[in-house]
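A.B. asks: pasting a predicted model and its sequence here:
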Amino acid sequence: MAKKPWAGRFTKGTAKVVEEYTASVTFDKRLYRADIEGSIAHAKALAKAKVITKEEAREIVSGLVEILKEIERGEFIFNPSLEDIHMNIERRLEEKIGLAAGKLHTARSRNDQVALDLRLYLRHEIQEIMGLARGFRATLVELAEKHLDSVMPGYTHLQRAQPVLFAHHLLAYFEMMDRDQQRLADCYKRVNIMPLGSGALAGTPFPIDRKYIARLLNFPEVSRNSIDAVSDRDFVAEFLAASSILMMHLSRLAEEIILWSSVEFGFIELDDAFATGSSLMPQKKNPDVAELARGKVGRVYGSLLSLLTTLKGLPLSYNRDLQEDKEPLFDAVDTVKASLRVLAPLLRTLKVHPERMRVAAQEGFLNATDLADYLVGKGMPFRQAHEVVGKIVLRCMKKGKKIEGLPLKELHKFSPLIGRDLYDFLSLEACINRRQAIGGTATENVRKALKSAKKRLLRFCKIW
Ligand code: ARG
């Protein structure tokens with residue numbers, strides 16, 4: 001059992017079950033880089049405040065850099081009886097440089113230290129996720145660009161509704177993920193605040209230049225209230241909320257991929273490298289990747305709920321409950337990154353069957369609304385037109401015909417307003433290209449939407 005930093009006040013060692021229960025180093029070792037970066041900045045601030053000498057700061061910094069290398073080489077031995085990553089690193093520093101190591105924790109508590117580490121870590125991970133999300137959106141654009149002529153049935157209630165361009169459908173996901181990225185970018189602003197110098201809760205009496213630490217670590221702001229700084233985890237909750245919504249979007253796309261690759265739809269076929277087989281049924285090709293992406297959303301929602309529940313009703317300021325913020329956060333980060341990483345190449349490699357989409361778009365009276373609109377164009381009120389077309393559809397269903405399969409004479413019986421021009425009016429292309437109002441599926445619109453999507457991606461690229 002390692003000697004505890006609080007041993008002075010204690011007459012007994014810690015019980016083994018307590019050590020096991022309280023230790024977090026098995027998972028918070030993930031914060032090692034952030035912890036070391038933060039400690040280096042803190043050592044420099046201590047020297048600037050003349051709390052330690054320049055020489056001591058130099059010793060501390062070079063010791064920490066060595067520890068970083070040890071961890072990265074896999075040589076560092078993490079000791080759970082030293083609880084967490086912070087104490088593991090501090091103890092190792094002591095082994096390396098001796099007494100000066102004991103000065104590093106001046107003007108600092110693990111409470112502001114862990115808040116800093118978490119912010120540094122999350123800042124980095126948000127940047128990573130932003131990069132992946134941008135790549136994912138670029139893949140959507142590429143696929144959409146290839147399918148500017150592919151017509152598919154658009155659905156409501158999963159019933160065929162109106163024809164749309166496949167590109168238009170894909171760009172719907174582009175928009176969702178645009179908002180996801182905006183949410184993450186906004187959350188980043190509140191992650192990007194420097195809490196060190198808050199001490200355990202009340203602030204520090206040492207003349208630490210907190211703005212100097214912020215500059216060293218590239219934070220635009222320092223936290224304004226020490227109690228809040230050590231208690232706040234809403235920046236993590238926000239990240240988990242934004243991640244939950246992002247994953248929810250991915251799950252909707254995943255669901256469509258699953259549906260579309262079924263024989264019933266047959267709109268797409270997954271590349272063999274992105275599908276799996278059955279151990280029993282030799283003919284099977286399964287969309288397990290998409291299913292897992294759909295399924296893993298639950299973990300991220302779970303993380304959000306877990307953290308919100310941990311935070312609920314906690315009295316100010318720091319409470320050890322807050323240690324429970326990490327595993328949900330880490331799991332969500334891993335899940336979001338892995339899902340984006342696997343779904344992007346899955347999309348890039350899938351084979352699309354536009355001919356099957358087109359056939360599906362021709363069955364099921366997807367042009368019925370257009371017929372109603374046609375009658376409106378000839379002066380009939382829409383409600384009446386709706387009813388007339390309903391009757392035509394009923395007749396078609398009885399006869400097993402499409403609307404455009406009925407001869408003009410028969411259509412005339414439903415309304416004398418119908419003329420020969422109706423047949424062109426009802427073609428898939430005509431139905432699509434009429435929808436020219438902003439945001440509609442007309443080819444010209446979608447072409448413009450693609451252009452704007454590319455521009456927006458590029459702009460995003462410059463910031464992130
Ligand atoms: N491992 C702790 C956490 O994650 C670090 C802070 C410990 N602070 C304390 N007062 N025991 O929250």
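C.D. replies: Happy to help now that I have it.
A.B. asks: tell me the secondary structure for the residue in the chain sticking out farthest from the centre?
C.D. replies: Outermost residue of the chain with respect to the C-alpha centroid, by CA atoms, centre = their mean, is Lys409; its distance is 56.1 Å. Here Lys409 takes the helix state, with states given by DSSP: H, G, I helix; E, B strand; the rest coil.
A.B. asks: what sits against it?
C.D. replies: Listed by CB atoms under 8 Å, 6 or more residues apart in numbering, Lys409 has no contact partners. For every residue, glycine as well, the C-beta is placed using N, CA and C.
A.B. asks: residue boundaries of the helices in the stretch 151-300 of the chain?
C.D. replies: All helices of the stretch 151-300 of the chain, identified by DSSP state H, counting those that start in this stretch, fall at 166-191, 210-216, 226-231, 234-260, 288-311.
A.B. asks: let me know whether the longest one sits next to the ligand.
C.D. replies: No. Looking at helix 234-260 against the ligand by CB under 6 Å from any ligand atom, there are no contacts, and the closest approach is 11.6 Å.
A.B. asks: tell me the helices and strands packed up against that helix.
C.D. replies: helix 110-146, helix 166-191, helix 288-311, helix 326-349 (3 or more CB pairs under 8 Å, 6 or more residues apart in numbering; DSSP states H and E).
A.B. asks: what's downstream of the helix or strand where Thr369 lies, the next helix or strand?
C.D. replies: Taking DSSP states H and E as the definition, Thr369 sits inside helix 368-377. Next in sequence after helix 368-377, counting helices and strands by DSSP H and E, comes helix 382-399.
A.B. asks: same for that following helix, what does it pack against?
C.D. replies: Short answer (3+ CB pairs under 8 Å, 6+ apart): helix 382-399 packs on helix 368-377, helix 408-414.
A.B. asks: nearest residue to the closest residue to the ligand within the stretch 351-464 of the chain in space, please, no chain neighbours.
C.D. replies: As assessed by CB to the nearest ligand atom, the ligand sits closest to Trp464 within the stretch 351-464 of the chain, at 28.5 Å. Nearest non-adjacent residue to Trp464, counting by CB to CB, 6 or more residues apart in numbering: Met130, 4.4 Å away.
A.B. asks: that neighbour: what's it in contact with?
C.D. replies: 181, 184-185, 464 are the contacts of Met130 under CB under 8 Å, 6+ apart.
A.B. asks: count of neighbours near the closest residue to Glu324 other than its chain neighbours?
C.D. replies: Nearest non-adjacent residue to Glu324, counting by CB to CB, 6+ apart: Thr310, 4.8 Å away. By other CB atoms under 10 Å, 19 other residues sit near Thr310.
A.B. asks: how about the one 4 residues further on?
C.D. replies: The number of residues packed around Leu314, counting by other CB under 10 Å, is 13.
A.B. asks: repeat for the one 3 residues further on
C.D. replies: Around Ser317 sit 19 other residues, with neighbours defined as other CB under 10 Å.
A.B. asks: do Lys189 as well
C.D. replies: There are 12 residues near Lys189, going by other CB under 10 Å.
A.B. asks: and what of His353?
C.D. replies: For His353, using other CB under 10 Å, the count is 16.
A.B. asks: same question for Gln283.
C.D. replies: 6.
A.B. asks: check Lys4 too.
C.D. replies: 16.
A.B. asks: and it, what does it touch?
C.D. replies: Contacts of Lys4 (CB under 8 Å, 6+ apart): 10, 14.
A.B. asks: if we go to 7 Å?
C.D. replies: Thr14 (CB atoms under 7 Å, 6 or more residues apart in numbering).
A.B. asks: next, it: secondary structure please.
C.D. replies: Per three-state DSSP, Lys4 ends up coil.
A.B. asks: and it, what are its phi and psi?
C.D. replies: Note on Lys4: its backbone torsions stand at phi -80, psi 150 [degrees, to the nearest 10].
A.B. asks: just the pLDDT for it.
C.D. replies: Lys4 is assigned 83 on the pLDDT scale.
A.B. asks: cool, and Gln283?
C.D. replies: 88.
A.B. asks: circling back to that earlier point, okay, now the residue of the stretch 351-464 of the chain closest to the ligand: neighbour count?
C.D. replies: Counted with other CB under 10 Å, Trp464 comes out at 16.
A.B. asks: for stretch 29-45, buried residues please.
C.D. replies: 29-32, 34-45 (16 or more other CB atoms under 10 Å).
A.B. asks: and which of those is nearest the ligand?
C.D. replies: For these, the nearest to the ligand is Leu31 (8.7 Å; CB to the nearest ligand atom).
A.B. asks: ok, the closest residue to that closest one other than its chain neighbours - contacts?
C.D. replies: Leaving aside its sequence neighbours, Leu31 sits nearest to Asp117 (CB to CB, 6+ apart; 4.4 Å). Contact analysis of Asp117 by CB under 7 Å, 6+ apart lists 31, 34-35, 38.
A.B. asks: state the pLDDT value of Asp117.
C.D. replies: 98.
A.B. asks: for the stretch 251-400 of the chain, which residues are neighbours of the ligand?
C.D. replies: 318, 320, 322-323.
A.B. asks: and the residue nearest to Glu324, how far is that from the ligand?
C.D. replies: Separation of Thr310 from the ligand (CB to the nearest ligand atom, to the nearest Å) stands at 11 Å.
A.B. asks: contacting residues around the closest residue to the ligand within the stretch 301-450 of the chain?
C.D. replies: As assessed by CB to the nearest ligand atom, the ligand sits closest to Gln323 within the stretch 301-450 of the chain, at 3.6 Å. The contact partners of Gln323, by CB under 7 Å, 6+ apart, come to Ser24.
A.B. asks: can you tell me the SS state at it?
C.D. replies: Once three-state DSSP is applied, Gln323 turns out helix.
A.B. asks: report pLDDT for it.
C.D. replies: 98.
A.B. asks: measure it to Glu128 for me?
C.D. replies: 24 Å (CB to CB, to the nearest Å).
A.B. asks: any figure for the gap between the residue nearest to Leu31 and the ligand?
C.D. replies: For Asp117, the distance to the ligand - CB to the nearest ligand atom - is 9 Å.
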